[in-house]
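In: Predicted model, plus sequence, below.
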Amino acid sequence: MNPKNYVKNVLITESRDTARLVERFSNSRNIRLMHGILGLSSELAEIREAHGQDEIDAVNLKEEMGDLYWYIGIMIDELQVDPDTVLTVHSINEPGYTDPEARKEMLGHAIDVMTVQIGEASDLLKKAIIYGKPLDEQKLAERLKNLDFWIAHSLFLYQIKPGDSRETNIAKLKARYGDRFTEAAALERDLAAERAILEKNNG
């Protein structure tokens, strides 16, 4: 089957009930959950890219993991689940991973697991928004809880506390936006100032 015929056949089985799709995509709940999933996917891609560098920048890792937490926070709020049931206090101990290569290998494994968790969460939303299937909120919350565990695991590898990552994330965003989000502030970021905040809060 040549490419043109393949695409024609794809369109035969595509969900194209525009009215229902517009309704689902315009639902504020779906918008917030999609925002969370898209954000988790893009931030994890940045973490994977950073993992491909020769050395892991712990300050950057702390920031990017904090961004993952931020998107999880949006989804926790929209699902109306107790944050304490998703963002738990971890006592993960990672002895023996002081060797940079060993830590990097373990981080790579954590990234792989998080990729699966985000993929499964995306599938739950896809089925709800595209196919009209009831959203399995419990499974979605479980995926977020699993993400929390592996984020914490990754941070502990580099002696970073999850709570510190979240606090630094909020400090960075307050410096960027002040009291409220604006598109202009999102597009016109002072990266040097944000890096200074991240380094100040590192340790």
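Out: Thanks, I have the structure now. Everything numeric in this text was worked out from a predicted model, so none of it was measured. Residues are numbered from 1 along each chain as shown.

In: What pLDDT is listed against the residue nearest to the spatial centre of the chain?
Out: Centroid-nearest residue in the chain: Leu40, 2.3 Å away (criterion: Cα atoms, centre = their mean). Here, the pLDDT recorded for Leu40 equals 98.

In: Equivalent analysis for Glu199, please.
Out: In this prediction Glu199 is given a pLDDT of 69.

In: Any chance you could list what contacts the helix or strand that contains Asp84?
Out: If you go by DSSP states H and E, Asp84 is part of helix 83-86. Residues from elsewhere that reach helix 83-86 (Cβ atoms under 8 Å, 6 or more residues apart in numbering): 72-73, 76, 141, 144-145, 148. Yep, even glycine has a C-beta here, placed from its N, CA and C like the rest.

In: Check which residues of it are buried.
Out: Val86 (16 or more other Cβ atoms under 10 Å).

In: tell me the mean pLDDT over it?
Out: In the prediction, helix 83-86 has an average pLDDT of 94.

In: list the contacts for the residue nearest to the centre of the chain?
Out: Counted by Cβ under 8 Å, 6+ apart, Leu40 has contacts 68, 71-72, 118, 121, 147.

In: Mind giving me the PyMOL command for buried ones among the residues you listed?
Out: Buried members of the contacts of Leu40, defined by 16+ other Cβ under 10 Å, are picked up in PyMOL with:
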select buried, resi 68+71+72+118+121+147
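
In: Keep only those of the contacts of Leu40 that are in helices.
Out: Residues of the contacts of Leu40 located in helices (DSSP state H): 68, 71-72, 118, 121, 147.

In: Pick out whichever of those residues sits closest to Tyr131.
Out: Ala121 (15.7 Å; Cβ to Cβ).

In: so who does that closest one touch?
Out: With Cβ under 8 Å, 6+ apart, Ala121 has these contacts: 37, 40, 140, 143-144.

In: Need the three-state assignment for the residue lying closest to it once chain neighbours are set aside.
Out: Leaving aside its sequence neighbours, Ala121 sits nearest to Arg143 (Cβ to Cβ, 6 or more residues apart in numbering; 4.1 Å). Of the three states, Arg143 takes helix under DSSP: H, G, I helix; E, B strand; the rest coil.

In: can you map out the helices along this structure?
Out: So, for the chain - with DSSP H - the helices run 3-12, 18-26, 28-51, 58-79, 83-86, 100-129, 137-157, 162-177, 183-187, 191-200.

In: Could you list the low-confidence segments of the protein?
Out: Within the chain, the segments meeting pLDDT under 70 span 91-97, 181, 183, 185-187, 189-191, 193-195, 197-199, 201-203.

In: separation between Tyr69 and Leu147?
Out: 9 Å (Cβ to Cβ, to the nearest Å).

In: Sorry, wrong one. I was asking about Gly52.
Out: Gly52 is 21 Å from Leu147, by Cβ to Cβ.

In: With Ile170 instead?
Out: Ile170 is 18 Å from Leu147, by Cβ to Cβ.

In: likewise Leu33?
Out: Leu33 is 14 Å from Leu147, by Cβ to Cβ.
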